[in-house]
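> give me the fold of what follows.
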Amino acid sequence: MTRASPCSASDIAALIGTPWQEGAAGPEAYDCWAAAGMVQERFFGRQLPGLGADRRKAITRARTAWVRAARPCEGDIVEM
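Here you go, the predicted structure:
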């Protein structure tokens, strides 16, 4: 895995307080999936599927491939 840029807790903390808005993809506001996608791309060099026009169907398809990690790793996403 290569990172898009190094990150630290202060980089992530800078996002605290960014408003949540359904369907928003940043940078003024994000929904949960777009926020996770931005962090994955910016700090871990990975792209999440489902950030296009057909978001809900793409996200649902992507979730079918998710697996529970045996051990948490840097950059893992936790669904709650």
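> show me the helices in this protein, by range?
Under the criterion DSSP state H, helices of the chain are mapped to 9-13, 32-44, 55-63.
> columns distance to residue 78 and mean neighbour count on top of these, output as CSV?
For glycine as for every other residue, the C-beta is placed from the backbone atoms N, C-alpha and C. Converted to CSV, the helices of the chain look like this (distance: least, C-beta to C-beta, whole Å; neighbours: other C-beta atoms under 10 Å):
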stretch, distance to residue 78, mean neighbour count
helix 9-13, 14, 10
helix 32-44, 10, 17
helix 55-63, 13, 13
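> reformat those helices as CSV; add mean pLDDT and distance to residue 24.
Output for those, formatted as CSV (pLDDT from 0 to 100; distance: least, C-beta to C-beta, whole Å):
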stretch, mean pLDDT, distance to residue 24
helix 9-13, 75, 18
helix 32-44, 86, 6
helix 55-63, 75, 11
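> who wins for proximity to residue 21 among these?
helix 32-44 (9.5 Å; C-beta to C-beta).
> and that closest one, what does it pack against?
The contact analysis (3 or more C-beta pairs under 8 Å, 6 or more residues apart in numbering; DSSP states H and E) places helix 32-44 against helix 9-13.
> quick one: the spatially most central residue of the chain and residue 10, what's the gap?
Ranked by distance to the mean C-alpha position of the chain (C-alpha atoms, centre = their mean), the top residue is residue 36 at 1.5 Å. For residue 36, the distance to residue 10 under the criterion C-beta to C-beta, to the nearest Å works out to 19 Å.
> same check on residue 31?
24 Å.
> now swap in residue 57 and tell me
For residue 57, the distance to residue 10 equals 36 Å [C-beta to C-beta].
> now swap in residue 47 and tell me
Separation of residue 47 from residue 10 (C-beta to C-beta): 24 Å.
> equivalent analysis for residue 45, please.
When residue 45 is compared with residue 10 (using C-beta to C-beta), they lie 20 Å apart.
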